[in-house]
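*Asks:* sequence? don't have it. structure:
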Ligand SMILES: [Zn+2]
């Protein structure tokens with residue numbers, strides 16, 4: 001594998017597109033669709049090309065994925081019709097087919113569960129571990145390199161939820177962000193053996209961003225009839241920190257009492273480890289987790305800068321916290337950090353770098 005160290009010397013000064021939308025759920029979806037048409041089309045094309053290129057290995061192609069996705073639709077209609085409206089809006093506004101948009105949002109259940117990728121590092125520190133009694137939450141979003149082009153920020157104001165600011169890409173429903181009620185969420189892919197046709201993970205993640213209290217956020221992360229689950233790192237501005245590890249039928253709550261939490265892509269609770277699929281495929285996730293934890297423990301005076309230092313870390317390169325694993329032969333093995341963000345819940349501000357944070361400057365965005 002070629003190590004692209006030379007690329008790291010060139011800082012990139014790329015701003016991030018911010019889309020501000022307001023209205024009913026269908027309207028905000030349509031406004032996102034209109035504003036991000038190019039990103040949405042590109043994300044659908046990337047997913048379609050990826051699946052079709054590996055159709056033999058995956059035993060599925062995009063057309064069959066669309067048929068599979070239809071099975072998930074009634075569960076969303078039943079539990080969260082408002083987010084289905086957002087998806088219809090995204091399709092209408094971007095002039096995309098609804099089936100393509102919906103399949104993209106059910107992609108992990110249909111396609112990704114056949115694979116073993118790593119993806120994402122999340123961190124949180126509260127008053128016990130920060131310099132100015134702050135509550136800070138950080139997330140590196142690691143995904144297919146093609147989706148880096150499709151990253152944007154959304155500020156969503158709907159009629160019936162607290163306004164929120166979230167990082168998003170392509171035609172997905174937003175998952176990673178914080179809301180005016182002081183709830184922040186980061187999602188990390190996990191690999192349970194238990195999964196089923198149900199509410200896709202991305203829809204569950206979107207629902208958490210609409211919560212007004214931490215118990216409501218956790219309740220939404222474990223929505224009945226969910227297809228599988230993420231780890232949801234859920235933080236309240238008061239400094240309450242939870243990892244909510246979820247599968248289709250089980251969950252575990254990991255509560256912090258030391259002032260910090262981290263999560264990557266393997267289960268931490270023994271209960272969930274018992275239902276982890278092929279844990280021997282997740283060593284990279286363990287290595288990132290240990291590294292993040294060690295760096296979190298280095299100081300009791302964390303700042304936005306000290307968390308950014310963790311986000312830029314290259315130990316175990318290219319499968320480091322700042323991920324550069326773009327040179328693997330199989331396109332499904334290729335991943336990189338496509339966005340890095342730190343949320344300051346005390347100030348209700350997000351600082352975010354597009355792409356790898358070792359190369360890109362962070363910009364600040366207020367809710
Ligand atoms: Zn890097």
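*Replies:* Yes, it's here. The model shown is predicted, which means the values in this text are computed figures rather than measured ones.
*Asks:* going forward, measure contacts between C-alpha atoms and count neighbours the same way
*Replies:* Fine.
*Asks:* Check the average confidence over the longest strand seen in the chain, would you?
*Replies:* Longest strand in the chain, counting residues (DSSP state E): strand 335-344. Averaging pLDDT along strand 335-344 yields 96.
*Asks:* Check which helices and strands it is in contact with.
*Replies:* Applying 3 or more C-alpha pairs under 8 Å, 6 or more residues apart in numbering; DSSP states H and E, one finds that strand 335-344 contacts strand 136-143, helix 304-311, strand 324-325, strand 349-354.
*Asks:* quick one: contacts for residue 239?
*Replies:* For residue 239, the contact set (C-alpha atoms under 8 Å, 6 or more residues apart in numbering) comprises 125-127, 135.
*Asks:* Tell me which two of those sit farthest apart.
*Replies:* Checked with C-alpha to C-alpha, those reach their widest spread between 125 and 127, with 7.1 Å between them.
*Asks:* more crowded one of these two?
*Replies:* Neighbours were tallied for residue 125 and for residue 127 using other C-alpha atoms under 10 Å; the higher tally belongs to residue 125 (29 against 20).
*Asks:* what about the closest residue to that one other than its chain neighbours, how many neighbours?
*Replies:* Distances taken as C-alpha to C-alpha, 6 or more residues apart in numbering put residue 260 closest to residue 125, at 4.3 Å, once the chain neighbours are dropped. Residue crowding around residue 260 was assessed by other C-alpha under 10 Å; the count is 26.
*Asks:* helix or strand right after the least confident helix or strand in the chain by mean pLDDT?
*Replies:* For the chain, scoring each helix and strand by mean pLDDT, DSSP states H and E identifies helix 55-58 as the least confident one, at a mean of 83. Toward the C-terminus, helix 55-58 is succeeded by helix 62-70 as the next helix or strand (DSSP states H and E).
*Asks:* Show me what the very next helix or strand once past that following helix is packed up against.
*Replies:* Scanning forward in sequence from helix 62-70, with DSSP H and E defining helices and strands, the next element found is helix 73-79. The helices and strands touching helix 73-79, judged by 3+ C-alpha pairs under 8 Å, 6+ apart, are helix 81-94.
*Asks:* I'd like the average pLDDT over stretch 352-361.
*Replies:* Stretch 352-361 shows a mean pLDDT of 95.
*Asks:* From the chain's centroid, how far away is it?
*Replies:* Relative to its parent chain, stretch 352-361 has a centroid offset of 16 Å by C-alpha atoms, centre = their mean, to the nearest Å.
*Asks:* Distance of the spatially most central residue of the chain relative to residue 81?
*Replies:* When the chain is reduced to its mean C-alpha position, the closest residue under C-alpha atoms, centre = their mean turns out to be residue 187, at 4.5 Å. Per C-alpha to C-alpha, to the nearest Å, residue 187 is found 22 Å from residue 81.
*Asks:* who in the stretch 251-367 of the chain is up against the ion?
*Replies:* Taking C-alpha under 5 Å from the ion as the contact definition, the stretch 251-367 of the chain meets the ion at 322, 358.
*Asks:* Residue 153 is in what secondary structure piece?
*Replies:* Since the elements are taken from DSSP H and E, residue 153 ends up inside strand 151-158.
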